[in-house]
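Participant: Return atomic coordinates for the entry below.
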Amino acid sequence: MTLATVLTRAQFGLDAPLVRVEVHCGAGLPQLSVVGLAEVAVRESRDRVRAALAHCGYEFPAGRITVNLAPADLPKEGGRFDLAIALGILAASEQQPFGTLDGIEFYGELSLSGELRPVRGALAAAVHAVRDSRRLVVPLSNADEARVARGASVAGAASLTSVCNGLRGGAGLDFACGGALPDCAQAAPDLAEVRGQAAARRALEVAAAGGHSLLMIGPPGSGKSMLAQRLPGLLPALDDHEALECAMLHSLGRDLPPVTEWRRRPFRAPHHGASAAAVIGGGGRLNPGEISLAHHGVLFLDELPEFHRDVLEALREPLETGSVSVARAAWRGHFPARFQLIAAMNPCPCGYAGDPNGRCRCTPPQIRRYLAKLSGPLLDRVDMHVEVPRLPYESLRTTARSPEGSVAVAARVAKARERQCERGALNARIDAAALERACALGVREHGLLENASRRLGLSARACHRVQRVARSIADLNGQEGVGVTELSEAIGYRRLDREPPIATG
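Facilitator: Here you go, the predicted structure:
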């Protein structure tokens with residue numbers, strides 16, 4: 001009777017807890033059992049491993065084989081344990097020399113022919129393996145992803161045979177460390193393509209400078225989506241730490257971009273029919289939602305009132321904290337969600353409230369019900385509300401292409417963000433104490449804000465957000481203090497606090 005242990009890791013959100021695959025080959029009737037809180041896909045590995053071993057020319061041991069995935073109280077899912085189980089069986093049956101598995105973690109799903117298929121979360125596993133000073137063997141498709149982890153020693157393998165040959169000292173495993181992430185240009189469309197809408201362009205620049213959330217209100221075709229799609233081009237590229245965090249989140253799904261694009265800011269635009277699990281996270285597996293996939297990037301919600309109410313209300317906490325906790329009966333997951341919310345909506349159900357041609361036929365009660373889909377607590381957490389009016393064709397035809405494109409605006413945004421970094425955080429994220437120091441108001445400014453608070457019914461949170469936006473405007477203007485001009489502009493960005501758009505005809 002022989003016992004072998006192979007190391008691997010489970011995938012549990014961004015966490016990758018260590019799993020010891022213990023394989024015992026003993027006497028008894030031929031049977032392979034997998035224990036240790038394994039779900040269906042893990043238990044099915046019995047058949048995949050048996051076929052892979054036979055196809056690669058190894059003998060499947062006769063007798064009773066017990067595979068224990070420890071710790072036993074940690075849920076295990078997916079096919080990521082296949083390679084470790086197969087190697088454990090080979091080691092326990094003395095077909096693979098002992099000692100060659102020490103200090104190495106193994107990941108990979110086996111096909112029936114013994115080929116290794118990619119697994120989710122290889123980057124998160126690599127980050128944790130580095131902390132424990134272990135090397136990794138992963139499927140060839142996961143090798144570039146895993147090597148991004150600083151200090152990781154990773155070998156990519158194409159099949160079970162190549163892994164076994166490499167462990168015996170032959171060809172098949174080439175451990176290598178990855179280099180730094182390559183720089184890449186932002187691929188967002190150019191802001192110069194937007195004709196007119198000077199006020200909305202200015203609001204977009206202010207939002208980019210301070211990381212503020214922005215809600216654009218206007219009729220169909222006024223350019224709201226066009227403006228939102230150009231925001232990533234105004235933001236600086238991700239640094240190494242931010243890019244690694246974003247990549248770890250995307251590696252938990254199936255849409256991990258190429259390594260050459262990891263420095264680009266994420267831009268996520270879920271459909272308004274998306275469920276709460278898709279947007280917030282969770283579901284049958286512990287998967288990140290759209291708000292986490294937009295971490296350090298932009299989350300664009302078009303047709304905001306059409307999203308389910310539970311989805312909108314679930315955004316309130318992440319907007320404040322920059323993270324989300326997903327709890328289920330058997331597990332709890334924590335994901336970062338420091339996204340910049342950009343939303344768009346029509347002023348009424350038909351979309352044409354206030355149109356000078358009188359196209360809107362919505363009644364005031366219908367408009368109020370439409371706007372009531374957005375709760376006060378949610379709107380209170382959105383820094384800026386701006387109107388994007390419909391421009392006549394004559395104006396679009398005669399308005400020249402803007403000479404100032406994304407490159408020029410991005411340069412101003414970068415300088416404004418440098419000033420904020422010197423203070424410790426972006427204006428949208430500084431706490432109340434830091435805000436009081438960064439946005440010290442004089443007597444006139446306090447009077448202006450007090451008058452606006454009384455007339456508009458601003459909450460304390462909304463007043464703080466007005467000050468944060470004013471601070472961003474001052475940073476864009478290169479000013480040390482916040483004056484009446486900056487504060488007045490910031491108050492003007494509270495469109496829905498002034499009055500809801502109501503049809504005139």
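Participant: any idea what sits nearest the residue nearest to the spatial centre of the chain, other than its immediate chain neighbours?
Facilitator: With distances taken as C-alpha atoms, centre = their mean, the residue of the chain nearest its centroid is residue 293 (1.9 Å). Counting by C-beta to C-beta, 6 or more residues apart in numbering, residue 268 is the residue found nearest to residue 293 once chain neighbours are left out, at 5.4 Å. In short, each C-beta sits where N, CA and C put it, glycine included.
Participant: Residue 94 reaches residue 3, doesn't it?
Facilitator: No - Residue 94 lies out of contact with residue 3 (C-beta atoms under 8 Å); the separation is 11.6 Å.
Participant: Quick check: residue 77 touching residue 285?
Facilitator: Yes - here residue 77 reaches residue 285: they are 6.8 Å apart, a contact under C-beta under 8 Å.
Participant: neighbour count winner among those two?
Facilitator: Between residue 77 and residue 285, counted using other C-beta atoms under 10 Å, residue 77 has the larger neighbour count: 19 against 16.
Participant: any idea of the pLDDT on the more buried one?
Facilitator: Residue 77 carries a pLDDT score of 87 in this model.
Participant: if I pick the closest residue to it other than its chain neighbours, what's in contact with it?
Facilitator: Leaving aside its sequence neighbours, residue 77 sits nearest to residue 39 (C-beta to C-beta, 6+ apart; 4.6 Å). Residue 39 makes contact with 75-77, according to C-beta atoms under 8 Å, 6 or more residues apart in numbering.
Participant: In CSV: the residues you listed, plus distance to residue 109.
Facilitator: Converted to CSV, these look like this (distance: C-beta to C-beta, whole Å):
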residue, distance to residue 109
75, 17
76, 13
77, 12
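Participant: circling back to that earlier point, wait, what's in contact with the residue nearest to the centre of the chain?
Facilitator: Contacts of residue 293 by C-beta under 8 Å, 6+ apart are 249-250, 253, 266, 268.
Participant: May I have the beta-bridge partners of the residue nearest to residue 293?
Facilitator: With DSSP bridges as the criterion, residue 268 is bridged to residue 299.
Participant: Contact partners for the residue nearest to residue 56 when sequence neighbours are not counted?
Facilitator: Leaving aside its sequence neighbours, residue 56 sits nearest to residue 114 (C-beta to C-beta, 6+ apart; 4.2 Å). If a contact means C-beta under 8 Å, 6+ apart, then residue 114 has 52-53, 55-56, 159-161 as its contacts.
Participant: what's the span of stretch 23-33, first residue to last?
Facilitator: For stretch 23-33, the first-to-last residue distance is 10 Å (C-alpha to C-alpha, to the nearest Å).
Participant: Run through the stretch 151-300 of the chain and note the low-pLDDT ranges.
Facilitator: By pLDDT under 70, the low-scoring segments of the stretch 151-300 of the chain are 179-180, 182, 185-187, 284.
Participant: what about the helices in it?
Facilitator: Remark: helices assigned in the stretch 151-300 of the chain by DSSP state H, counting those that start in this stretch are 160-167, 198-210, 224-229, 240-250, 276-280, 290-293.
Participant: would CSV of these with distance to residue 104 be doable?
Facilitator: Shown next, in CSV, are those (distance: least, C-beta to C-beta, whole Å):
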stretch, distance to residue 104
helix 160-167, 8
helix 198-210, 45
helix 224-229, 45
helix 240-250, 21
helix 276-280, 36
helix 290-293, 30
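Participant: so which of those helices is the most packed in?
Facilitator: helix 290-293 (a mean of 26; mean count of other C-beta atoms under 10 Å).
Participant: Measure how buried the residue nearest to residue 332 when sequence neighbours are not counted is and give me the count.
Facilitator: Leaving aside its chain neighbours, residue 332 sits nearest to residue 325 (6.5 Å; criterion: C-beta to C-beta, 6+ apart). By other C-beta under 10 Å, 15 other residues sit near residue 325.
Participant: backbone phi and psi for residue 325, please?
Facilitator: Dihedral angles of residue 325 (phi, psi; degrees, to the nearest 10) stand at phi -110, psi 130.
Participant: Now do the same contact list for it.
Facilitator: Residue 325 touches 332-335, counting by C-beta under 8 Å, 6+ apart.
Participant: Also residue 345?
Facilitator: Contacts of residue 345 were listed using C-beta under 8 Å, 6+ apart, and they are 215-217, 303-305, 374.
Participant: which stretches of the stretch 1-150 of the chain form helices?
Facilitator: Under DSSP H, counting those that start in this stretch, the stretch 1-150 of the chain gives helices at 40-43, 45-55, 82-92, 122-131, 143-147.
Participant: Can you convert these into a markdown table and add a column each for mean pLDDT and mean neighbour count?
Facilitator: As requested, the helices of the stretch 1-150 of the chain are exported to a markdown table (pLDDT from 0 to 100; neighbours: other C-beta atoms under 10 Å):
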| stretch | mean pLDDT | mean neighbour count |
| --- | --- | --- |
| helix 40-43 | 88 | 15 |
| helix 45-55 | 94 | 19 |
| helix 82-92 | 95 | 27 |
| helix 122-131 | 92 | 23 |
| helix 143-147 | 89 | 23 |
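Participant: pLDDT weak spots in the stretch 301-450 of the chain?
Facilitator: Where the stretch 301-450 of the chain drops to pLDDT under 70, the residues are 328-331, 397-403.
Participant: That one: strands as residue ranges?
Facilitator: Along the stretch 301-450 of the chain, counting by DSSP state E, counting those that start in this stretch, strands occupy 323-327, 332-336, 340-345, 384-387.
Participant: out of those strands, deepest packed?
Facilitator: Most buried of the strands of the stretch 301-450 of the chain, by mean neighbour count (mean count of other C-beta under 10 Å): strand 340-345, with a mean of 24.
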